[in-house]
Structures are given as structure tokens and as C-alpha cells.
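S.K.: got a sequence here, can you model it:
(one chain, ligands or ions: 1)
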Amino acid sequence: MATPRRVAVVVGSLRKDSLNRKMAQALAAIAPPSLSLEIVEIGQLPLYNQDDDTNPPAASVAFKEKIAGADAVLFVTPEYNRGVPGVLKNAIDVASRPYGKSAWKGRPAAVMTVSPGAIGGFGANHHLRQSLVFLDMPALQQPEAYIGGAGELFDESGGLKKPETKKFLDSFLAAFAAWIDRTAKPAA
Ligand SMILES: Cc1cc2nc3c(=O)[nH]c(=O)nc-3n(C[C@H](O)[C@H](O)[C@H](O)COP(=O)(O)O)c2cc1C
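M.R.: Residues are numbered from 1 along each chain as shown. This next block holds a predicted model:
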């Protein structure tokens with residue numbers, strides 16, 4: 001069997017009981033054999049400062065290396081005030097610089113937004129897609145993944161309560177795997 005694609009999962013919430021983290025963990029647990037999902041932490045990153053481009057903080061360098069070592073990136077994020085949470089935008093900025101040395105460039109991406117609210121983080125999902133255009137990350141279009149009512153999805157141990165949720169997540173991961181096959185750049 002071919003080596004699984006390494007997917008860096010970036011979670012846009014630092015909260016201990018984050019629904020988005022639970023979702024990321026659920027996705028990792030059910031991913032097909034062709035994908036290997038690993039959460040890459042962002043909570044330790046200093047705030048991006050362009051003055052540091054010549055001598056970036058060690059945590060930023062390490063994060064950037066993890067993204068650069070991945071075949072693809074899956075963003076799983078809440079919506080804050082109809083947009084991308086600041087911690088996630090910071091992580092995106094950190095790994096995008098210095099100019100011309102972005103770790104994101106060319107990596108296939110998928111976006112899932114997860115919210116207890118009814119509209120499933122639609123605003124953040126598309127706000128994030130705006131950055132993906134500039135970062136030159138080919139982003140999976142379908143199925144769109146605006147996961148609403150997320151407070152009802154997980155049992156106490158983080159398992160998925162409803163079969164229809166798993167069915168959708170399976171279809172999302174299958175589409176992402178096919179998208180990576182179509183759009184990933186061949187290894188240099
Ligand atoms: C600062 C802030 C802003 C929020 N804004 C939105 C919003 O615009 N849309 C939404 O659906 N939920 C919003 N929420 C509620 C979050 O969706 C909810 O707290 C969710 O559980 C956060 O994700 P997490 O569980 O992964 O931490 C907001 C929460 C916070 C703390």
C-alpha cells in the first residue's frame with residue numbers, strides 16, 4: 001500500500017473542551033488508510049512580528065517546519081465574531097513569512113467550521129478561504145463543511161453520537177483524499 005498522505009490538522013480553538021478539537025480527533029480516528037491526520041498545535045506560537053523575520057522565535061520555526069513537512073492541511077475551526085479566530089490567523093501569518101518562504105504554498109487544504117450555532121461557522125469558513133487564495137493553497141470545494149449544532153454531536157468520551165455525522169465525515173475525508181491526489185505537488 002502507498003504511504004499515507006500526511007495531513008497537518010490545525011485547530012482554531014485553544015479551549016480545553018473545544019468542540020473543534022473533538023471534531024479534529026474524531027476525523028483522525030476515522031480517517032481512511034490513505035490519510036494520516038495529526039494535530040499541529042498553535043497555542044504556543046508568539047504573536048507574529050515582522051521584525052522577527054530575520055531571526056524568528058524557535059516555536060515559530062518549529063511550527064513552520066511541521067507545516068512544510070505535511071502533504072496537506074486540514075483547518076478545523078470555530079467562528080469568532082463571524083470571522084477566523086485570532087489564534088488561527090496568527091498561525092497562518094507565522095508560517096507564511098518571510099515573504100516568498102511560505103510553508104503553506106501549494107499544499108492542498110480543506111476547511112471545516114464547527115459551531116454550536118445554527119449556521120455552522122459559515123462566515124469563518126469563507127473568511128479563511130480568502131487567505132487560502134493568497135497563500136496559493138488549492139482548497140477542497142465540495143462537500144462544504146459547516147457543522148452546526150455541534151454541542152449535540154459528541155458523547156462524554158468524544159465519540160460521535162449520530163451515524164449520520166460519521167457518514168458525512170467519511171464522505172468529507174474521502175473527497176479530501178481524492179482532492180489531495182489530484183492537486184498535491186509531486187515530491188521534489
Ligand atoms: C469571542 C467569541 C466569538 C464568537 N463568535 C461566534 C460567531 O461569530 N459565530 C458562532 O457560530 N459562534 C461564535 N462563538 C461561539 C463559539 O462557536 C463557541 O464558543 C464554540 O464552542 C467555540 O469553539 P470550540 O468549542 O472549538 O472552542 C463565539 C465565541 C467566542 C468566545
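
S.K.: gap between Ala145 and Asn125?
M.R.: Going from Ala145 to Asn125 by C-beta to C-beta, to the nearest Å gives 8 Å. Bear in mind the C-beta positions are built from the backbone N, C-alpha and C, glycine included.

S.K.: what of Val87?
M.R.: Val87 is 17 Å from Asn125, by C-beta to C-beta.

S.K.: when these two are compared, which one has more neighbours?
M.R.: Comparing Val87 with Asn125 by neighbour count (other C-beta atoms under 10 Å), the higher total belongs to Asn125, at 23 against 19.

S.K.: contacting residues for the more buried one?
M.R.: Taking C-beta atoms under 8 Å, 6 or more residues apart in numbering, we find Asn125 in contact with 79, 111-113, 144-146.

S.K.: shouldn't it be within a helix?
M.R.: Yes: counting by DSSP: H, G, I helix; E, B strand; the rest coil, Asn125 is located in a helix.

S.K.: who's in contact with the longest helix along the chain?
M.R.: As assigned by DSSP state H, the longest helix anywhere in the chain is helix 163-183. Contacts of helix 163-183 with the rest of the structure, by C-beta under 8 Å, 6+ apart, involve 5, 7, 26-27, 30-32, 34-35, 71-72, 74, 108, 110, 112, 138, 140, 142-143, 145, 153, 160.

S.K.: same check on stretch 15-31?
M.R.: 7, 9, 11-13, 37-39, 74, 76-78, 112, 114-116, 147, 150-151, 153-154, 158-160, 166, 169-170, 172-173.

S.K.: so for it, what's the average pLDDT?
M.R.: Throughout stretch 15-31, pLDDT has a mean value of 98.

S.K.: list the buried residues for it?
M.R.: Residues of stretch 15-31 classed as buried: 18-28, 31 (neighbour count, 16 or more other C-beta atoms under 10 Å).

S.K.: out of those residues, which are close to the ligand?
M.R.: Filtering the buried residues of stretch 15-31 for neighbours of the ligand using C-beta under 6 Å from any ligand atom leaves 18-20.

S.K.: give me the subset of those lying in strands.
M.R.: Residues from those lying in strands, with DSSP state E as the criterion: none.

S.K.: flag every residue of this protein that's near the ligand.
M.R.: Contacts of the chain with the ligand, taken as C-beta under 6 Å from any ligand atom, map to 13, 15, 18-20, 78-82, 115-117, 121.

S.K.: give me the subset of the residues you listed that lies in strands.
M.R.: Going by DSSP E, the strands hold none of these.

S.K.: quick one: name whatever helix or strand follows the helix or strand hosting Val73.
M.R.: Per DSSP states H and E: Val73 is located in strand 72-77. Downstream of strand 72-77, the first helix or strand assigned by DSSP H and E is helix 86-96.

S.K.: and that following helix, what does it pack against?
M.R.: helix 58-68, helix 122-135 (3 or more C-beta pairs under 8 Å, 6 or more residues apart in numbering; DSSP states H and E).
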